[in-house]
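*Asks:* Quick check, what structure comes out for this input:
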Amino acid sequence: MSKPIIDSPTSIRSLDTLFIKTYGCQMNEYDSQRMADLMKQAYGLRLVGTPEEADVILMNTCSVREKAEEKVYSQLGRYRKLKDTRPDMIIGVGGCVGQQEGARIQKRAPYVDMVFGPQTYHKLPEMVKKIRRDRVCLSETDMPEIEKFDHLPKQRVDGVSGYVTIMEGCDKFCTFCVVPYTRGPELSRPVERVLEECRGILADGAVEISLLGQNVNGYRGEGPRDVENNCEEWDFTMLLYAVAKLDGLKRLRFITSHPMEMTTELAVAFGEIPQLMPFLHLPVQSGSDAMLKHMHRGHTRDDYFAIIDELRSHCPELALSSDFIIGYPGETDADFEATLDLVRRVKYDSSYCFKYSPRPGTPAAKSADDVPEDVKDARLQTLLELIREQARDALQAKLGQTLDVLVEKPGRSDGDMEGHTADFKIVHFKGKPRQIGQIMPVRITEAFGQSLRGELIVA
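*Replies:* So this is what the prediction gives:
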């Protein structure tokens, strides 16, 4: 869809700089980096730290959080002031809000030059070219199969960790979630494409790779072809074993998993693959069977307990995090107590907790949002305090231990370095920049609210 730009200037300045505002999950962070790669390849744009410096402003949005659309429009209002003084500036809205709102964004904010969804950002260079050539505004919100990966330049990694999207979309249709409508159905990339991207990241000097997907453990990708040009479908566990064999890989992680896609083979992999780190983010959303049924989660609380027990039987040191929604329509005091009971039994190292708010277009939005806000607030604070207590206990338990820490970057204090343990806890210690990329033994001496401090042990 296109329409004329209003009040176009007669001359066009060159494009030199790019600012990207990213909201939401790690997959959006990955997508933003790929957008930057695309724009650098196509126009030589360099990333800048503020919108005031930018010739092109892109918003990579997320629909999951409360009032996501209003936050986008509020931010756009601030960008409009910049465009009023620099009419040649290009403003684009992408990601899940872009997919969900589509051309409505440009009706409400006509100064937005382009709107695009998560599956069409590979068309950015073409869109920018058309905007500047024909002086039009564009909206691209089709949902083709994962063709965008075939159009992206080689990913460049600056650091010790890299991220690779292996699948996109979701077929679970939880009643509260907009992802199936904004990211589309589950589609997996071919195994060889995933391995090729991983090899490139490792060749750039990364030693840790995180595999990404809305339901990453639901991966079902086309495997390598044999001499007769036949191939079999690979599941997620098969892919993990293959990635773990790549030269230069020291650590392997993945996010986000769904309980319905957890298998015995995946649990075994945690015990068998040395590179696979003992940390798992496994959202459950509620500890109440009634709520899980209403949410269309596809499992019960006992199913979830069985999964955790099996995982820990193969990997006793496994650290867990989760997601919880508080105040879903119809949630009673008993339902909430069931959630607290689940948290106490599982014992999480960290978790994300949110008050329910209806997302437009989801089945749950048709139900009355009948839990009073003050009740939601009180329940959320109760749950957060329990989660914080468990997080403190998990950190305190590390005191006196010597842990392997992947050195990632300088810390905030002079002479400090920062890295993560195998189970994804942040550690600060005195070290040297030359140690970046190495896994070093650190004896833990202090535990804080969200991180650890230790002393590097040098042989």
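
*Asks:* What separation do you get for residue 122 and residue 155?
*Replies:* 13 Å (CB to CB, to the nearest Å). Glycine gets a C-beta too; all of them are placed from N, C-alpha and C.

*Asks:* do residue 114 as well
*Replies:* Going from residue 114 to residue 155 by CB to CB gives 23 Å.

*Asks:* Comparing those two, which residue is more hemmed in?
*Replies:* Taking other CB atoms under 10 Å, residue 114 and residue 155 do not tie; residue 114 has more neighbours (26 against 18).

*Asks:* Next secondary structure after the helix or strand containing residue 320?
*Replies:* According to DSSP states H and E, residue 320 maps onto strand 319-326. Following strand 319-326 in sequence order, the next helix or strand is helix 333-346 (DSSP H and E).

*Asks:* Buried residues in the next helix or strand after that following helix, which are they?
*Replies:* Counting by DSSP H and E, the element after helix 333-346 in chain order, helix or strand, is strand 350-355. By 16 or more other CB atoms under 10 Å, the buried positions in strand 350-355 come out as 350-351, 353-354.

*Asks:* one step back: so which residues make contact with the strand holding residue 320?
*Replies:* With contact meaning CB atoms under 8 Å, 6 or more residues apart in numbering, strand 319-326 is reached by 176, 278-286, 295, 308, 336, 339, 343, 346-356, 376, 379-380, 383, 394, 423-425.

*Asks:* how about residue 42, what does it touch?
*Replies:* Applying CB under 8 Å, 6+ apart, the residues contacting residue 42 are 124-125, 128.

*Asks:* What pLDDT is listed against it?
*Replies:* According to the prediction, residue 42 has pLDDT 90.

*Asks:* How about the secondary structure of residue 96?
*Replies:* Three-state call for residue 96 (DSSP: H, G, I helix; E, B strand; the rest coil): helix.

*Asks:* buried set for stretch 276-285?
*Replies:* So for stretch 276-285, counting by 16+ other CB under 10 Å, buried means 276-285.

*Asks:* Residue 403 reaches residue 427, doesn't it?
*Replies:* Yes - contact criterion CB atoms under 8 Å: residue 403 and residue 427 qualify, at 7.0 Å.

*Asks:* Between these two, which contacts overlap?
*Replies:* 421, 442, 444, 454.

*Asks:* Can you name the residues that contact the third one?
*Replies:* Shown here is residue 444, whose contacts under the criterion CB under 8 Å, 6+ apart are 398-403, 427, 452-454.

*Asks:* one step back: of residue 403 and residue 427, who's got more company?
*Replies:* residue 427 (25 against 20).

*Asks:* That one contacts residue 442, correct?
*Replies:* Yes - using CB under 8 Å, residue 427 is in contact with residue 442, at 5.7 Å.

*Asks:* In the stretch 351-459 of the chain, what residue spans correspond to strands?
*Replies:* Secondary structure of the stretch 351-459 of the chain (DSSP state E, counting those that start in this stretch): strands at 402-410, 416-421, 426-430, 439-447, 452-456.

*Asks:* tell me what the first one is packed against?
*Replies:* Put plainly, it is strand 402-410. With contacts defined as 3 or more CB pairs under 8 Å, 6 or more residues apart in numbering; DSSP states H and E, strand 402-410 has these neighbours: strand 416-421, strand 426-430, strand 439-447.

*Asks:* Can you point out the buried residues in the first one?
*Replies:* Across strand 416-421, burial judged by 16+ other CB under 10 Å covers 417-421.

*Asks:* on that earlier part again, which stretch among the strands of the stretch 351-459 of the chain comes nearest residue 167?
*Replies:* strand 416-421 (24.4 Å; CB to CB).

*Asks:* Residue 155 should be in a strand, yeah?
*Replies:* No - counting by three-state DSSP, residue 155 falls outside a strand, being coil.

*Asks:* re earlier: which one, of the helices and strands packed on strand 402-410, ends up nearest to residue 162?
*Replies:* strand 416-421 (14.3 Å).

*Asks:* And for the closest one, what's in contact with it?
*Replies:* 398, 403-411, 426-433, 435-436, 440, 452.

*Asks:* Give me the neighbour count for the residue nearest to residue 352 when sequence neighbours are not counted.
*Replies:* Excluding the flanking residues, the one nearest residue 352 by CB to CB, 6 or more residues apart in numbering is residue 323, at 5.0 Å. Close neighbours of residue 323, defined as other CB under 10 Å, add up to 16.

*Asks:* returning to that earlier point: just the buried residues of the contacts of strand 416-421.
*Replies:* Using 16+ other CB under 10 Å, the buried members of the contacts of strand 416-421 are 398, 403, 405-408, 411, 426-429, 431, 435-436, 440, 452.

*Asks:* Quick check: of the residues you listed, which lies closest to residue 70?
*Replies:* Using CB to CB, those come closest to residue 70 at residue 426, 32.4 Å.

*Asks:* From what I see, that closest one and residue 453 are in contact.
*Replies:* No - using CB under 8 Å, residue 426 is not in contact with residue 453, being 9.7 Å away.

*Asks:* Please tell me how far residue 208 sits from residue 249.
*Replies:* 8 Å.

*Asks:* Look at those two and report which has more neighbours.
*Replies:* When neighbours are counted by other CB under 10 Å, residue 208 and residue 249 differ, and residue 208 comes out ahead with 23 against 18.

*Asks:* Report the contact partners of that one.
*Replies:* Taking CB under 8 Å, 6+ apart, we find residue 208 in contact with 160-162, 249-253, 406.

*Asks:* And residue 261, by the same measure?
*Replies:* 215, 217-218, 236.

*Asks:* pLDDT weak spots in this protein?
*Replies:* 1-13, 65-66, 143-151, 459 (pLDDT under 70).

*Asks:* packing partners for the lengthiest helix in it?
*Replies:* Ordering each helix of the chain by length in residues (DSSP state H) puts helix 373-396 first. Secondary-structure packing of helix 373-396 (3+ CB pairs under 8 Å, 6+ apart): strand 319-326, helix 333-346, strand 350-355, strand 439-447.

*Asks:* Just want the angle from the shortest one to helix 333-346.
*Replies:* Orientation check (axes from the mean of the first three to the mean of the last three CA atoms, to 10 degrees): strand 350-355 against helix 333-346 gives 170 degrees.

*Asks:* what about stretch 56-74, start to end distance?
*Replies:* Stretch 56-74 has an end-to-end distance of 18 Å (CA to CA, to the nearest Å).

*Asks:* If residue 442 is in a bridge, with which residues?
*Replies:* residue 403, residue 456 (DSSP bridges).

*Asks:* so it touches residue 406, yeah?
*Replies:* No - with contact defined as CB under 8 Å, residue 442 does not reach residue 406; the gap is 10.4 Å.
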